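Engineer: Below are the sequence and a predicted model; questions follow.
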Protein chains: 2
Amino acid sequence: MKIKEYLQQQKLLIDQALNDYLPGLTERPEVLHQAMRYSVLSNGKRIRPILLLATYQALNGTANVVPAACSLEFIHCFSLIHDDLPIMDNDDYRRGILTCHKKFGDAIALLAGDALLTHAFQIIAKEQSKYTSASIVVKLIKELAEATSTQGIMGGQAVDILAEKDFTLHCAETLEYIHRQKTAALLVAAVRMGAILAKATDRQLQLLGEAAGKIGLAYQIKDDILDITGDQVLLGKATGRDEALGKLTYPVIYGLDYATARCKELLAEAVSLLDFLGNSGTRLRILFRFLVERRY
Amino acid sequence: MKIKEYLQQQKLLIDQALNDYLPGLTERPEVLHQAMRYSVLSNGKRIRPILLLATYQALNGTANVVPAACSLEFIHCFSLIHDDLPIMDNDDYRRGILTCHKKFGDAIALLAGDALLTHAFQIIAKEQSKYTSASIVVKLIKELAEATSTQGIMGGQAVDILAEKDFTLHCAETLEYIHRQKTAALLVAAVRMGAILAKATDRQLQLLGEAAGKIGLAYQIKDDILDITGDQVLLGKATGRDEALGKLTYPVIYGLDYATARCKELLAEAVSLLDFLGNSGTRLRILFRFLVERRY
């Protein structure tokens, strides 16, 4: 199966599960559920859930890991909704449609983000625990919480916002910190959670986590390249925003050529870390390549 | 020991643990950690952690349940920080000091709230699991997530905000819904989490949860009474805000006399639900009474 077909197939599976695991439109408070569903069920690539599934499959796992996969998308969507708010990046479009606050107002968007963050943990504790031992569920929650914490997404978003106003923070070290926390942390969690569910050894967990960290960094550099060179329609969001906001990005600091070369280098390093998987790692390697070479 | 001494003693214990479990001021990103610590370590009553401890003690538990108790305060503080934001209630003072966004700006306050919500789940998974079996930890996370979800705090806050602008929602049924979700849900979780940690039976859990639901409702009615009759300095926040915001409250709909009588009635019902605890329930009953009869 080609990578695009695989992605499409897995996306359908995840989309269906996200729909099932979100609170219903007719349940009270309806408007909050509408806002949550509007943002989550928009046309996302589902990269994080698919990374979890692909890692799990590479390690020959066979149980139902879909709830844990969905929890990653809930966290991702929460972070996008809050990041798009006027008090943060003030974005009007996301995934080709109006951002949550443009559609539902700032207060409901704030609460929808909070509710999705909560929902992520609730789904693992409630749904994943039907298929998995309690000790694994606790490990999954630790991973997810750490990736979202001030040592993960929240930390990255905070420094990202601070760096917009403070040019003394514009250095390579801060940039890498922001990328690692804001983007790579959740991709690392996706891969590690897949491995934990497949009962990977500590050594396997470490190698996979390290590889995912490199891919996460490359993924964000590619995002910043696409913000300059990408197609606005294909991307579903405005381009040129980084420059307008004075964001600290790889292409801004190093130029497009070096940024592109760095992506390639990180991809090669990440792929070689998967050697231990042998043939079962083929799809995960292809997925890694897709994430770094994508055009949207 | 008198109730005030007991509360003071438990508050000291909780304050110390909150300090220990929060990320340090010198850890990166410093300003985000400062904002989290500023809001959490302000002068709160620590009602929710103390309710967990008192329930656990009433059931003769003896293990370390402090991490789970702290998680309740993290959730409470997250909800206050977001509720105080300009896009929500736009409050300037909380617990006698400037609100988080007045001190650190809206973006950092938003992220500090998100980080505290995440931290609550992280602390249970990471710290409570040192003392408790994984299956109990998963149950605790389910309770905490449900209380915070759209069937709890988030749902209550959403309808509360909607009711400010939509007077067709100003009815007794909506009011009770808001109170139950926004306030009672976390108090119910506090009591139920204490009971789960003490390995209570399903019947005990049900009775304690029902009692806490009544106390939670009475606690919020009392809050609304104090917003009219209370001492601004003693309360540490502005009074008369509910009327200014057009909030739907018990005294507004029913008048102060009926609101006061309803508090008494709910307290009596809650206390009688604790009969099964016999003498070991004395302190929990006194705590219930304090929560409803307090002046701050």
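Structural biologist: All right, it came through fine.

Engineer: From residue A:185, how far out is residue A:287?
Structural biologist: 18 Å (CB to CB, to the nearest Å). For the C-beta atoms, the positions are set from N, CA and C on the backbone; glycine is no exception.

Engineer: Of those two, which one has the most company?
Structural biologist: residue A:185 (25 against 21; other CB atoms under 10 Å in any protein chain shown).

Engineer: would that one count as being in a strand?
Structural biologist: No - membership of residue A:185 in a strand is not supported by DSSP: H, G, I helix; E, B strand; the rest coil, which gives helix.

Engineer: you'd agree it is up against residue A:153?
Structural biologist: Yes - using CB atoms under 8 Å, residue A:185 is in contact with residue A:153, at 6.0 Å.

Engineer: Let me know how buried residue A:119 is, in neighbour terms.
Structural biologist: By other CB under 10 Å, 28 other residues sit near residue A:119.

Engineer: Contact partners for it?
Structural biologist: A:21, A:22, A:23, A:36, A:74, B:145, B:149 (CB atoms under 8 Å, 6 or more residues apart in numbering or on different chains).

Engineer: again, 6 Å this time
Structural biologist: By CB atoms under 6 Å, 6 or more residues apart in numbering or on different chains, the contact list for residue A:119 reads residue A:74.

Engineer: Name the helix or strand for it, please.
Structural biologist: If you go by DSSP states H and E, residue A:119 is part of helix A:106-126.

Engineer: Distance from the chain centre to that helix, please.
Structural biologist: The chain centroid and the centroid of helix A:106-126 are separated by 16 Å, computed with CA atoms, centre = their mean, to the nearest Å.

Engineer: Now do that helix against helix B:106-126, angle only.
Structural biologist: When axes from the mean of the first three to the mean of the last three CA atoms, to 10 degrees is applied, the directions of helix A:106-126 and helix B:106-126 differ by 10 degrees.

Engineer: And the next helix or strand past helix A:106-126?
Structural biologist: For helix A:106-126, the following helix or strand on the C-terminal side (DSSP H and E) is helix A:134-148.

Engineer: Need the mean per-residue confidence for that next one.
Structural biologist: Here helix A:134-148 scores 98 as its mean pLDDT.

Engineer: Residues touching it, excluding its own?
Structural biologist: Around helix A:134-148, the neighbours that count as contacts under CB under 6 Å, 6+ apart are A:68, A:75, A:124, A:128-129, A:185-186, A:189, A:192-193, A:196, B:118, B:121-122, B:125-126, B:129, B:134-135, B:137-138.

Engineer: quick one: that helix to helix B:106-126, angle?
Structural biologist: 160 degrees.

Engineer: what's downstream of helix A:134-148, the next helix or strand?
Structural biologist: Helix A:134-148 is succeeded, C-terminally, by helix A:153-165 (DSSP H and E).

Engineer: Which positions in that following helix come out as buried?
Structural biologist: A:153, A:154, A:155, A:156, A:157, A:158, A:159, A:160, A:161, A:162, A:163, A:164 (16 or more other CB atoms under 10 Å in any protein chain shown).

Engineer: would a markdown table of those residues with pLDDT and distance to chain B be doable?
Structural biologist: Listed next are those as a markdown table, based on pLDDT from 0 to 100; distance: CB to the nearest CB, whole Å:
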| residue | pLDDT | distance to chain B |
| --- | --- | --- |
| A:153 | 98 | 8 |
| A:154 | 98 | 4 |
| A:155 | 97 | 5 |
| A:156 | 97 | 9 |
| A:157 | 96 | 6 |
| A:158 | 97 | 4 |
| A:159 | 95 | 5 |
| A:160 | 92 | 10 |
| A:161 | 92 | 5 |
| A:162 | 92 | 7 |
| A:163 | 90 | 10 |
| A:164 | 85 | 9 |
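
Engineer: returning to what we had before: please save the CA atoms from the helix holding residue A:119 in CSV.
Structural biologist: Taking C-alpha atoms only, helix A:106-126 is exported to CSV below (Å, rounded to 0.1, in the frame of the first residue of the first chain):
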residue,chain,number,x,y,z
ASP,A,106,-13.6,33.9,22.4
ALA,A,107,-15.2,32.6,25.6
ILE,A,108,-16.7,29.4,24.1
ALA,A,109,-13.4,28.8,22.2
LEU,A,110,-11.5,29.1,25.4
LEU,A,111,-13.8,26.6,27.1
ALA,A,112,-13.8,24.3,24.1
GLY,A,113,-10.0,24.2,24.3
ASP,A,114,-10.1,23.5,28.1
ALA,A,115,-12.7,20.8,27.6
LEU,A,116,-10.7,19.1,24.8
LEU,A,117,-7.6,19.0,27.1
THR,A,118,-9.7,17.5,29.8
HIS,A,119,-11.3,15.1,27.3
ALA,A,120,-8.0,13.7,26.3
PHE,A,121,-7.2,12.4,29.8
GLN,A,122,-10.8,11.3,30.3
ILE,A,123,-10.8,9.2,27.1
ILE,A,124,-7.6,7.4,28.1
ALA,A,125,-8.8,6.7,31.6
LYS,A,126,-12.3,5.7,30.5
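
Engineer: angle of that helix against helix B:153-165?
Structural biologist: Interaxial angle, helix A:106-126 versus helix B:153-165 (the same axes, to 10 degrees): 160 degrees.

Engineer: near chain B, which residues of the stretch 1-150 of chain A show up?
Structural biologist: Within the stretch 1-150 of chain A, the positions adjacent to chain B are A:23, A:29, A:32, A:87-88, A:106-107, A:111, A:114-115, A:117-118, A:121-122, A:125-126, A:129, A:134-135, A:137-138, A:141-142, A:145, A:148-150 by CB under 6 Å from any CB of the partner chain.

Engineer: For ChimeraX, write the selection for the buried entries among those residues.
Structural biologist: In ChimeraX, selecting the buried portion of the residues of the stretch 1-150 of chain A next to chain B, with burial taken from 16+ other CB under 10 Å, looks like this:
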select /A:23,29,32,87,88,106,107,111,114,115,117,118,121,122,125,126,129,134,137,138,141,142,145,148,149,150
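
Engineer: ok, and what's touching the one helix or strand residue A:101 maps to?
Structural biologist: If you go by DSSP H and E, residue A:101 is part of helix A:100-104. The set of residues external to helix A:100-104 that reach it, using CB under 6 Å, 6+ apart, is A:35, A:39, A:81, A:85, A:92, A:109, A:112.

Engineer: again with stretch A:242-254
Structural biologist: Contacts of stretch A:242-254 (CB under 6 Å, 6+ apart): A:163, A:164, A:170, A:175, A:221, A:224, A:225, A:227, A:228, A:259.

Engineer: Roughly how far does the fourth one sit from residue A:113?
Structural biologist: Separation of residue A:175 from residue A:113 (CB to CB) stands at 25 Å.

Engineer: now the first one
Structural biologist: Computed as CB to CB, the residue A:163 to residue A:113 distance reads 22 Å.
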